[in-house]
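Asker: Predicted structure and sequence below. I'll ask about it afterward.
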Amino acid sequence: MSLLDDFLIRAALAGLGVALAAAPLGCFVVWRRMAYFGDATAHAAILGVALSLAFQTSVFAGVLAVALTMALTVSTLSGRGHAVDTLLGVMAHSALALGLVAVSFIDGVRIDLMAYLFGDILSVSRTDLLVIWGGSTLVLGLLGWRWSALLTATLNPDLAWSAGINPTREQRILTIALALVVAVAIKVVGVLLIAAMLIVPAAAARNLSTTPERMALMAAVIGGFSALGGLAIAWRFDTPAGPSIVSLAALVFTLTALIPMRQNARS
Amino acid sequence: MLFDALFLQLGYNASLVAIGAGFLGIAAGVTGTFLYLRKQALLSDAISHATLPGVGLAFVLMALVGGSGRFLPGLLLGAALSAGIGLLCVSALTRRTRLSEDSAIGAVLSVFFGFGIVILTVIQTMSTGRQAGLESFLLGSTAGMLFNDAVVIAAGGALTLLAVLLFRRPMGLVAFDPEYAAARGFNVARIDLVIMTLALAVTVVGLKIVGLILVVAMLIIPPVAARFWSDRMEVVALLSGLFGGLSGWAGAAISATAPALPTGPIIVLVCFGLFVLSLFLAPGRGLLAALTRHLRFQRRVHLRQGLLALAQGQPIYERLTLRLLRRAGLARADGVATDEGRARAAKALRDEKRWELVRSDPDFAAAALSYDGLAGIETVLTVDQIAEIDNRIGAPREVTS
């Protein structure tokens, strides 16, 4: 295990793990227009951080609990005629504010908080690595297991019903996967940039692909590339790792956005 | 201490900040109403996050020119510029690519934000420009605010409020019915731009107090809370302004009482408190009102079904029905009707018979439509109509053999 002693290797593995799970999930986020959902769940996660710091439990568990609660509350409420996006806005920012105030009552976590807001990939420990890869594998397994059902439910809920698939259940599976990714990614890119890890690679891959499977694959490749490249940039230029990863992903997106103009013109 | 702060007794700067936050809150609440009605509340999320690179770049620029990098108007100008660019990016992405608007917003806000963080980190390593305190733009802070900054914020909040008041008519029209507004000769695209500009102004002015992560909550939460109380747009806008102003002022005052309390989150929490109050207490749309409405309806259904059962001599097994009948003095504890109960039951049965006829007769189609199953027949039909129905049914007669 001497390989894992190097913090840079650990960081690379952590970034790769998060990117691999976030990218295919991000495709669903883009297809189903759940971008706010991911963003809001991530914002609420800071409340989880605050709670777990206060009760001295594992941050992963706290974040997972809050993210799940948040996600399930919103999906329940949204069925009752409330406008989802405004509801998300209200809930997410209130949870974030509550978390920040709660943190301000706990002594000595000022530095810690910044690490959770923006990620601290270079301090990933072996346990963190285990949690990250465990969570990512779980998300990937969940997505792989339900892939065609999820796809059908996304494409056309009526079609899904007739094929014996319950779209509400598939929605809930996505919600759980999203909460898992948020909990896992918080250490790597931080609360405020998780949405970028979800959306930007998927959006970039969308320009390059013709089938859903290829888009998910491309998104994973782009996400992984951004994670590794961003780390390299952070190492070379002494910039913060999480934002560097996101900036690189944005660059890839800009490049891919230029390509399909030609393809679209041809087809 | 808290009361001192609320009534502006806590020093000149703190008072100025509280007033400024109040103005800002009112402006944010009213602007937010139009955003909310135009269903663009989350575009403001992109605006606020997109301000960060502008703040950072403005700082670098001003530091390089040789001044103090923390000159607030300069920073705010940079913020406004980069937020404007962010808005352009969102609209370009939505129009030019296959991305839906929410993905475009998500992508722009996170990328701008990430880029801004990179710049902030670069600034930390710079040797000039007094960079300390720049992070306060993220979460907002009133502690250690300079007098000039407080003046800029108070004036900015007041100016924004004034602009909102000036443009409230056309904005309301567009928010409500864009086509009608266009027919009336208003340029909808330009008015949308005005709304966006106002949102941008609120965001930028609020950066220093509330912080860019949470300033958007000032635009989103007050209108949602105000919407519970009224269906009229003017009232919603006014209430929303009131909620916003209240939370800005109270939040700033509360956070001034202790240096460790972050201003932005406190303001947003006060706002959220108002939202929760509205959610439960508002008449009409609030949860409590809905609950009482539901219970009252349930009671009426149970009473009516109970009366019908009494009239037809059927036993009542439902406990709630029995209890309601007993409490109304219509039945005894063993489920036998009292005299009044019998009278009411007879009427209920006769009304039921009348309704049967109303429903089956096309002449009464209009009346049958307005029947919800519970309203008394006298409240729906006229005396003449009832008389005619009774004529057809026939009055109670003696049994003759």
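Answerer: It's in.

Asker: Tell me how far A:Thr41 lies from chain B.
Answerer: 12 Å (Cβ to the nearest Cβ, to the nearest Å). Using the backbone N, CA and C atoms, a C-beta is placed for each residue, glycine as well.

Asker: So which elements touch the host helix or strand of that residue?
Answerer: Using DSSP states H and E, A:Thr41 sits within helix A:35-55. Where contact means 3 or more Cβ pairs under 8 Å, 6 or more residues apart in numbering or on different chains; DSSP states H and E, helix A:35-55 is packed against helix A:7-31, helix A:59-78, helix A:84-105, helix A:110-118, helix A:167-185, helix A:194-206, helix B:101-124.

Asker: Flag every residue of the stretch 51-200 of chain A that's near chain B.
Answerer: Proximity of the stretch 51-200 of chain A to chain B, by Cβ under 8 Å from any Cβ of the partner chain, involves residues A:83, A:85-87, A:89-90, A:93-94, A:96-98, A:100-101, A:104-105, A:114, A:117-118, A:192-193, A:195-196, A:198-200.

Asker: before we move on, back to that, let me have the helices and strands packed on helix A:35-55 in CSV, extended by distance to B:Glu179.
Answerer: Shown next, in CSV, are the helices and strands packed on helix A:35-55 (distance: least, Cβ to Cβ, whole Å):
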stretch, distance to B:Glu179
helix A:7-31, 31
helix A:59-78, 28
helix A:84-105, 23
helix A:110-118, 43
helix A:167-185, 34
helix A:194-206, 32
helix B:101-124, 20
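
Asker: Mind checking if stretch B:240-247 is in reach of chain A?
Answerer: No: judged by Cβ under 8 Å from any Cβ, stretch B:240-247 and chain A are separated, with a smallest distance of 10.8 Å.

Asker: For that stretch, which outside residues touch it?
Answerer: B:22-30, B:32-33, B:218, B:221-223, B:225-226, B:267-268, B:270-271, B:273-274 (Cβ atoms under 8 Å, 6 or more residues apart in numbering or on different chains).

Asker: Pick out the residue closest to the middle of chain B.
Answerer: For chain B, the residue nearest the mean C-alpha position is B:Val224 (1.0 Å; Cα atoms, centre = their mean).

Asker: if we can go back for a sec, give me the buried subset of the residues of the stretch 51-200 of chain A next to chain B.
Answerer: A:85-87, A:89-90, A:93-94, A:96-98, A:100-101, A:104, A:117-118, A:192-193, A:195-196, A:198-200 (16 or more other Cβ atoms under 10 Å in any protein chain shown).

Asker: who's in contact with B:Ser100?
Answerer: Neighbours of B:Ser100 in contact, by Cβ under 8 Å, 6+ apart: A:Val30, A:Arg33, B:Thr94.

Asker: Run a quick neighbour tally on the first one.
Answerer: By the measure other Cβ atoms under 10 Å in any protein chain shown, the count of residues near A:Val30 is 28.

Asker: likewise the second one?
Answerer: A count of nearby residues for A:Arg33, using other Cβ under 10 Å, gives 15.

Asker: That one belongs to a helix?
Answerer: No: counting by DSSP: H, G, I helix; E, B strand; the rest coil, A:Arg33 is not part of a helix but coil.

Asker: still on that earlier bit, tell me which of the helices and strands packed on helix A:35-55 sits nearest to B:Glu378.
Answerer: Closest of the helices and strands packed on helix A:35-55 to B:Glu378 is helix A:59-78, at 40.8 Å (criterion: Cβ to Cβ).

Asker: Just the buried residues of that closest one, please?
Answerer: A:59-60, A:62-71, A:74-75, A:78.

Asker: picking that back up, which of the helices and strands packed on helix A:35-55 comes out lowest on mean pLDDT?
Answerer: Here the lowest mean pLDDT among the helices and strands packed on helix A:35-55 goes to helix A:110-118, at a mean of 66.

Asker: so after that helix, what's the next helix or strand?
Answerer: According to DSSP H and E, the helix or strand after helix A:110-118 is helix A:126-145.

Asker: Could you list every helix and strand in contact with the following helix or strand past that following helix?
Answerer: Next helix or strand after helix A:126-145 toward the C-terminus (DSSP H and E): helix A:147-155. Packing partners of helix A:147-155 (3+ Cβ pairs under 8 Å, 6+ apart): helix A:7-31, helix A:157-162, helix A:167-185.

Asker: In JSON lines: those, plus distance to A:Thr127.
Answerer: Formatted as JSON lines, the helices and strands packed on helix A:147-155 follow (distance: least, Cβ to Cβ, whole Å):
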{"stretch": "helix A:7-31", "distance to A:Thr127": "11"}
{"stretch": "helix A:157-162", "distance to A:Thr127": "39"}
{"stretch": "helix A:167-185", "distance to A:Thr127": "13"}
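
Asker: Pull the contacting residues for residue 209.
Answerer: Chain wasn't specified; assuming chain A. Here A:Ser209 is in contact with A:Met215, A:Leu217, A:Met218 (Cβ under 8 Å, 6+ apart).

Asker: The chain in question should be chain B.
Answerer: B:Ile209 sits next to B:17, B:20-21, B:24, B:140-142, B:153, B:248, B:252, B:263-264, B:267 when contact means Cβ under 8 Å, 6+ apart.
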